[in-house]
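K.L.:
quick one: sequence plus predicted model below, questions after.
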Amino acid sequence: MTTISKTADVPRRGTDAKDSGPLLDVRDLHVEFHTRDGVVKAVNGVNYNVSAGETLAVLGESGSGKSVTAQAVMGILDMPPARIPQGEILFRGEDMLKMTPEERRRTRGAKIAMIFQDALSSLNPVLTVGYQLGEMFRVHQGMSKKDAKAKAIELMDRVKIPAAAARVSDYPHQFSGGMRQRIMIAMALALEPDLIIADEPTTALDVTVQAQVMDLLADLQREYNMGLILITHDLGVVADVADKIAVMYAGRIVEHAPVHELYSNPAHPYTRGLLDSIPRLDQKGQELYAIKGLPPNLLNIPTGCAFNPRCPKAQDICRTEVPPLHSVADGRGSACHFWEETING
Amino acid sequence: MAEPTKDAAREPILEVRNLVKHFPLTQGILFKKQVGAVKAVDGISFSLYEGETLGIVGESGCGKSTVAKLLMNLERATSGEVFYKGQDISKLSGRALKAVRRNIQMVFQDPYTSLNPRMTVGDIIGEPYEIHPEVAPKGDRRKKVQDLLDVVGLNPEYVNRYPHQFSGGQRQRIGIARGLALNPEIIICDEPVSALDVSVQAQVINLMEKLQDEFNLSYLFIAHDLSIVRHISDRVGVMYLGKMAEIGTDEQIYDHPTHPYTQALLSAVPVPDPEARAGRERIILSGDVPSPANPPSGCRFRTRCWKAQDKCAEEVPLLAVPERFATTGSLAAHDSACHFAEEKDVVGAA
């Protein structure tokens, strides 16, 4: 795995991205949905970046905006109802939000690919997996049917599907969950993209199969030196594979840090609460710490810090002022007024 | 929690003996011919004691949810017995079954589909009283429902609201309140927290533990998340392809597993600690779970087991304390269905 210079982790505002900069740089991204009940502010100023060979985990609960951010990066949001009122998504220094739809389409799949959570509903049930894999080559590279099929077999071999040549003409329902997810990975890899976004890639799988799939993904990432954005709610999976983590809450990044620092010394009460609330495999716990209350309704995000109604440390300032993303240390940030107290326990 | 389970002299409140459920596979439309069977549960025995939590873990398709349905008599067992306080309930029907079900209730996995969207919360929680009117006279019911809402940590004024007005965690609390309505002795929980967000999971688990102490409930806790099962269970059973692979106390299973499947399962669980990333040995199983319609001969795990030998294909290993550990008195001395049971610490207990 390539090492990343420390400065790449610091949110870079206002500086021009150079070729040596991160692969993907999301800056102050906002996404909102116009609904009958009002404006749902799903993403409220997200900044993150990923370099080649690096794994960024985006951690959050349902409704935290982690998937919407990814969909905005991929350019697969339905607009309307979605709207991107401000922000930049720089891929190799170029703002993808300013691209024409045709340019966007050519990036998708070839440069940035996505792996979805539910492989069964993401694959077309009436076409063979070989056809669907080959489609990548036929559409993007104009290959003949025969060549595309040969490529599909090669890809299935890559993701370690046994007897690939025999199974290339099978339909998705003939594969098990883990095998289907491998096909999704193969499809994402087909055009050797620079960046892969994996949205909960193993959530629907059993633990033994989950381990197989995560291992495969990590191996392939190393081999192709790709950037990987792993979107998940599972703190265990993140600890196993990520280099750095961005924790999202109510559409904002509340903390970002390299993986070791975040687990050993969280700088935001929400992160601390999450870490304390999961039962551990290696010890019989006492009563679990529970974060009180519920995640906020995005139609009506609390004023000040969005986490304040659930936070044990909340003071008056938290209810009135939105905390900026304080720089905690090299490559670390925390959006908490009291990050110093939090990090010291 | 105290450990009331160690006392061997105590009678189990629920005892399962050789429970089998085969779903027939048929061919033909007019003249249906049975061509095989999906062996979802294939000879399972265990006991549940008063006030304890027995966790059942396993991957999808191992038959754990079928066990839950069999215990509730929602499915009829092909063979085997389920004893509730010494009475075989697996063949009961009609009034006798209804009487037993009062004491065995269930909490379901998906709080979004297990509550009727057209009924108010009060009607949902109060519905058990329509079926068992002897528990609460009509005039008392509303008060009882409000008490239950209070017990599970919801505002009693919510009785007239509908399920869609609640979040996932609150709905699961409603499901639990419904399960408690008849003052049951046993609650069967089928993946009760797997659909919930991490921060809400802890709230629901704490609630379930509190209720257990308060009402002296026995839980059969079915889940695929091994960390949660360890947290809540006194004893744990590991299922694989319709059979029990290993069963013991939480310490025996997690710190001294002797069945290779348990070891692989435990080693595959991602641990939320990046420091452990390098040090942990991970056993990555190859392949998928075989089809329960056509399970492997002998030991069912042998097709994915790294220790498998000829004996494993020929002889079905029995669920018993392995001989080599029987006299040692160590924590490895618990029931394990493997010919070559061996202790291995995969969790790295602190």
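P.N.:
That came through fine. Everything numeric here is computed off the predicted structure, so don't read it as measured data.
K.L.:
and A:Ala267, its phi and psi?
P.N.:
Backbone geometry at A:Ala267, expressed as degrees, to the nearest 10, gives phi -110, psi 10.
K.L.:
nearest residue to it in space, please, no chain neighbours.
P.N.:
A:Ser334 (3.8 Å; Cβ to Cβ, 6 or more residues apart in numbering or on different chains). (Each C-beta comes from the backbone N, C-alpha and C, glycine too.)
K.L.:
need the contact list for the one you found.
P.N.:
A:254-255, A:267-268, A:325-326, A:328, A:342-343 (Cβ atoms under 8 Å, 6 or more residues apart in numbering or on different chains).
K.L.:
among those, who's most crowded?
P.N.:
A:His268 (30 neighbours; other Cβ atoms under 10 Å in any protein chain shown).
K.L.:
quick one, grab the pLDDT at that residue.
P.N.:
On pLDDT, A:His268 comes in at 90.
K.L.:
and it, what does it touch?
P.N.:
So A:His268 contacts A:247, A:254-255, A:307, A:334-336, A:339, A:342 (Cβ under 8 Å, 6+ apart).
K.L.:
I'd like the distance between the closest residue to chain A within the stretch 201-350 of chain B and B:Ser194.
P.N.:
Per Cβ to the nearest Cβ, B:Pro270 is where the stretch 201-350 of chain B lies closest to chain A, at 3.1 Å. Distance, B:Pro270 to B:Ser194, by Cβ to Cβ, to the nearest Å: 15 Å.
K.L.:
more crowded one of those two?
P.N.:
B:Pro270 (25 against 14).
K.L.:
check contacts around that one.
P.N.:
A:210-211, A:214, A:234, A:236-237, A:239-240.
K.L.:
before we move on, the earlier item: want to try JSON lines for the contacts of A:His268, with pLDDT and secondary structure as columns?
P.N.:
Output for those, formatted as JSON lines (pLDDT from 0 to 100; DSSP: H, G, I helix; E, B strand; the rest coil):
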{"residue": "A:Val247", "pLDDT": "93", "secondary structure": "strand"}
{"residue": "A:Val254", "pLDDT": "92", "secondary structure": "strand"}
{"residue": "A:Glu255", "pLDDT": "92", "secondary structure": "strand"}
{"residue": "A:Phe307", "pLDDT": "89", "secondary structure": "coil"}
{"residue": "A:Ser334", "pLDDT": "89", "secondary structure": "strand"}
{"residue": "A:Ala335", "pLDDT": "88", "secondary structure": "coil"}
{"residue": "A:Cys336", "pLDDT": "88", "secondary structure": "coil"}
{"residue": "A:Trp339", "pLDDT": "84", "secondary structure": "helix"}
{"residue": "A:Thr342", "pLDDT": "82", "secondary structure": "helix"}
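K.L.:
one step back: and the contacts of B:Pro270 near chain B, which?
P.N.:
A:210-211, A:214, A:234, A:236-237, A:239-240 (Cβ under 8 Å from any Cβ of the partner chain).
K.L.:
re the thing from before, got a markdown table for the contacts of A:His268, with distance to A:Gly130 too?
P.N.:
Below are the contacts of A:His268 laid out as a markdown table (distance: Cβ to Cβ, whole Å):
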| residue | distance to A:Gly130 |
| --- | --- |
| A:Val247 | 40 |
| A:Val254 | 44 |
| A:Glu255 | 44 |
| A:Phe307 | 48 |
| A:Ser334 | 48 |
| A:Ala335 | 47 |
| A:Cys336 | 51 |
| A:Trp339 | 52 |
| A:Thr342 | 52 |
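K.L.:
low pLDDT regions in the chain?
P.N.:
Defaulting to chain A. Applying pLDDT under 70 to chain A picks out residues A:1-20, A:283, A:285, A:345.
K.L.:
other chain: chain B
P.N.:
B:1-9, B:277-278, B:348-350.
K.L.:
could I get the full set of strands for chain B?
P.N.:
All strands of chain B, identified by DSSP state E, fall at B:14-27, B:33-48, B:53-57, B:79-84, B:87-88, B:104-107, B:186-190, B:218-223, B:235-240, B:243-249, B:335-336.
K.L.:
how about chain A?
P.N.:
Using DSSP E, strands in chain A cover A:24-35, A:38-50, A:55-59, A:82-83, A:88-91, A:94-95, A:112-115, A:195-199, A:227-232, A:244-249, A:252-258, A:326-329, A:332-334.
K.L.:
nearest to B:Val151, out of the ones you listed?
P.N.:
strand A:244-249 (30.1 Å; Cβ to Cβ).
K.L.:
chain center to the closest one, what's the gap?
P.N.:
Centroid separation between strand A:244-249 and its chain, computed with Cα atoms, centre = their mean, to the nearest Å, is 10 Å.
K.L.:
identify the residue nearest the geometric centre of chain B.
P.N.:
The geometric centre of chain B, computed from its C-alpha atoms, lies nearest to B:Ile222 (Cα atoms, centre = their mean), at 2.5 Å.
K.L.:
ok, A:Thr107 - how many residues close by?
P.N.:
For A:Thr107, using other Cβ under 10 Å, the count is 20.
K.L.:
quick one: contacts of stretch B:70-77?
P.N.:
B:14, B:16, B:19-21, B:41, B:66, B:69, B:82, B:89-90, B:92, B:97, B:101, B:104, B:106, B:188, B:220.
K.L.:
kindly write the PyMOL command that selects the buried subset of these.
P.N.:
Here is the PyMOL selection string for the buried members of the contacts of stretch B:70-77, based on 16 or more other Cβ atoms under 10 Å in any protein chain shown:
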select buried, chain B and resi 14+16+19+20+21+41+66+69+82+89+90+92+101+104+106+188+220
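K.L.:
quick check: closest non-adjacent residue to B:Gln203.
P.N.:
The nearest residue in space to B:Gln203 (Cβ to Cβ, 6+ apart) is A:Ala290, at 4.3 Å.
K.L.:
please name the residues that touch the closest residue to B:Ala264 other than its chain neighbours.
P.N.:
Closest residue in space to B:Ala264, ignoring its immediate chain neighbours: B:Ile283 at 4.3 Å, by Cβ to Cβ, 6+ apart. B:Ile283 sits next to B:260, B:263-264, B:267-268, B:306, B:346 when contact means Cβ under 8 Å, 6+ apart.
K.L.:
could you check how many residues crowd around residue 340?
P.N.:
Went with chain A since none was named. With other Cβ under 10 Å as criterion, A:Glu340 counts 12.
K.L.:
wait, chain B was what I had in mind.
P.N.:
Counted with other Cβ under 10 Å, B:Phe340 comes out at 17.
K.L.:
shouldn't it be in contact with B:Lys307?
P.N.:
Yes - at 5.1 Å, B:Phe340 counts as touching B:Lys307 under the criterion of Cβ atoms under 8 Å.
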